[in-house]
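J.: Sequence and predicted structure below; questions after.
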Amino acid sequence: MNQVSEPVFIADDAEGESFNLFEAIGFDVLEERDFFDLFDYAESAGFHSVINREDYALQGSCWKVGDGLEIWTFSFIARNIVEYEDCRPGFRSRHTHLLQPWELIEYEEGGDAVLRGITESGIEVIFQLQNLTELTPQTFDVPHLHVAFAGLAYAMEVRSGAVLKPEEPRFEVAEKRPQGATEFYFESDYFIRGRVLVWRYFTNPITEHELAWVYVDAGAIRLEVLVNRQSLRGRLRVGAAVTAKVWLQGHILNEADLAARYEGVDPEFDSSDHWAALRRGN
């Protein structure tokens with residue numbers, strides 16, 4: 001494999017609008033050259049996987065940046081010719097959901113896949129499926145799927161918690177293209193409004209950009225949201241009201257993923273305590 005030098009991302013000295021979704025995970029992609037530099041490096045540094053269809057193959061590569069941050073690349077190959085290449089940001093959330101029923105929608109020419117389903121709380125969600133090429137056909141032979149999804153925020157506004165009293169929590173898909181929408185508008189874009197349950201700042205280990213992870217109670221659902229601190233308006237605190245437009249993306253968990261999330265038995269817990277509630281005094 002050819003060695004590709006690590007790209008240098010400089011936002012402060014560049015002009016023009018950045019690709020908001022990459023900015024959400026701390027990368028500045030300001031022009032086409034930056035996009036393809038990032039594609040080349042992520043494809044070189046990432047873990048490769050592929051799925052084969054009757055007339056084409058979709059090759060994916062996942063560069064795990066750290067702290068759940070990922071860059072995904074995709075190559076659409078037909079007749080041994082690369083006809084389409086794409087690169088997109090990702091974040092692997094920790095909170096899982098069960099989807100039943102569910103529907104997978106694949107867009108052949110773009111190599112994209114969208115997953116739509118109903119959560120255990122009865123809420124319909126639709127999100128960009130990142131790890132399609134990592135999955136086996138047997139993954140889709142079950143009536144339910146274990147998934148983890150999170151929103152990458154274009155921007156987020158924080159206000160006093162009292163703001164939510166006259167305004168109800170919100171979790172709505174942006175079904176119609178807003179007037180003046182950019183090319184970064186997707187069918188899995190959502191408008192959310194809710195209260196901050198917990199939050200933390202952390203740093204992209206490659207670019208050293210500061211990001212905010214926010215766990216939001218949006219009424220119908222609790223959602224992890226990632227936002228670049230530069231796109232954050234207001235001061236985060238527990239109970240504050242936040243509003244944001246997010247791109248919902250996520251992953252299907254396989255058995256290995258589920259096993260990795262099992263933290264094991266607490267060695268400090270005495271098994272005899274299970275019987276304590278059954279004891280009856282004289």
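T.: Okay, I see it.

J.: Residue ranges in the protein under the pLDDT threshold?
T.: Within the chain, the ranges that satisfy pLDDT under 70 run 1-19, 108-111, 161-166, 175-186, 256-282.

J.: Got the domain ranges for it?
T.: 20-91, 97-260 (automatic domain parsing).

J.: Need those in TSV (columns: mean neighbour count).
T.: Any C-beta I mention is one placed from the backbone N, CA and C, and that applies to glycine too. What follows is those, written out as TSV (neighbours: other C-beta atoms under 10 Å):
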stretch	mean neighbour count
domain 20-91	18
domain 97-260	17
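
J.: which residues does Phe39 contact?
T.: Applying C-beta atoms under 8 Å, 6 or more residues apart in numbering to Phe39 gives the contacts 73, 85, 87.

J.: Is the first one in contact with Glu85, as I believe?
T.: Yep, that's Thr73 we're talking about. Yes: the criterion here is C-beta atoms under 8 Å, and Thr73 meets it with Glu85 at 7.1 Å.

J.: how about the strands in the stretch 51-200 of the chain?
T.: Secondary structure of the stretch 51-200 of the chain by DSSP state E, counting those that start in this stretch: the strands cover 57-66, 69-78, 81-91, 97-99, 102-107, 112-118, 124-129, 145-159, 170-173, 189-203.

J.: Mind putting these into a markdown table with distance to Thr136?
T.: A markdown table is the format used below for these (distance: least, C-beta to C-beta, whole Å):
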| stretch | distance to Thr136 |
| --- | --- |
| strand 57-66 | 14 |
| strand 69-78 | 18 |
| strand 81-91 | 20 |
| strand 97-99 | 18 |
| strand 102-107 | 14 |
| strand 112-118 | 15 |
| strand 124-129 | 14 |
| strand 145-159 | 13 |
| strand 170-173 | 29 |
| strand 189-203 | 29 |
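
J.: wait, which of those strands is closest to His251?
T.: strand 145-159 (5.6 Å; C-beta to C-beta).

J.: Name every strand pairing with that closest one and say which way it goes.
T.: Strand 145-159 has its sheet partners listed here by DSSP bridges as strand 97-99 (antiparallel), strand 222-228 (parallel), strand 232-233 (parallel), strand 241-252 (antiparallel).

J.: right, and those strands - which one's nearest Gly46?
T.: Set against Gly46 and scored by C-beta to C-beta, the strands paired with strand 145-159 come closest in strand 241-252, at 14.7 Å.

J.: Quick one: distance of that closest one to the chain centre.
T.: Relative to its chain's centre, strand 241-252 lies at 7 Å (C-alpha atoms, centre = their mean, to the nearest Å).

J.: Also stretch 27-42?
T.: From the chain centre to the centre of stretch 27-42 is a distance of 19 Å (C-alpha atoms, centre = their mean).

J.: just stretch 58-71 next, same as before
T.: On C-alpha atoms, centre = their mean, the centre of stretch 58-71 falls 11 Å from the chain's centre.

J.: ok, and what's touching it?
T.: Residues outside stretch 58-71 that contact it (C-beta under 8 Å, 6+ apart) are 25-27, 38, 41-43, 45-51, 72-77, 87-94, 111, 130-134, 202, 204-206.

J.: Among the strands of the stretch 51-200 of the chain, which comes closest to Glu255?
T.: When these are ranked by proximity to Glu255, the top entry is strand 145-159, at 9.4 Å, counting by C-beta to C-beta.

J.: Just the CA atoms of the closest one, as CSV, please.
T.: Output of strand 145-159 as CSV, limited to C-alpha atoms (Å, rounded to 0.1, in the frame of the first residue of the first chain):
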residue,chain,number,x,y,z
LEU,A,145,-31.2,-4.7,15.1
HIS,A,146,-29.0,-3.3,17.9
VAL,A,147,-27.9,0.1,16.8
ALA,A,148,-26.0,3.2,18.1
PHE,A,149,-26.6,6.6,16.5
ALA,A,150,-25.6,10.2,17.3
GLY,A,151,-26.2,13.6,15.7
LEU,A,152,-23.3,15.6,14.2
ALA,A,153,-24.4,19.2,14.7
TYR,A,154,-24.1,22.0,12.2
ALA,A,155,-24.4,24.4,15.1
MET,A,156,-25.9,24.4,18.6
GLU,A,157,-27.5,27.2,20.7
VAL,A,158,-27.7,27.0,24.4
ARG,A,159,-30.1,29.0,26.6
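
J.: angle of that strand against strand 102-107?
T.: Computed with axes from the mean of the first three to the mean of the last three C-alpha atoms, to 10 degrees, the direction of strand 145-159 lies at 80 degrees from that of strand 102-107.
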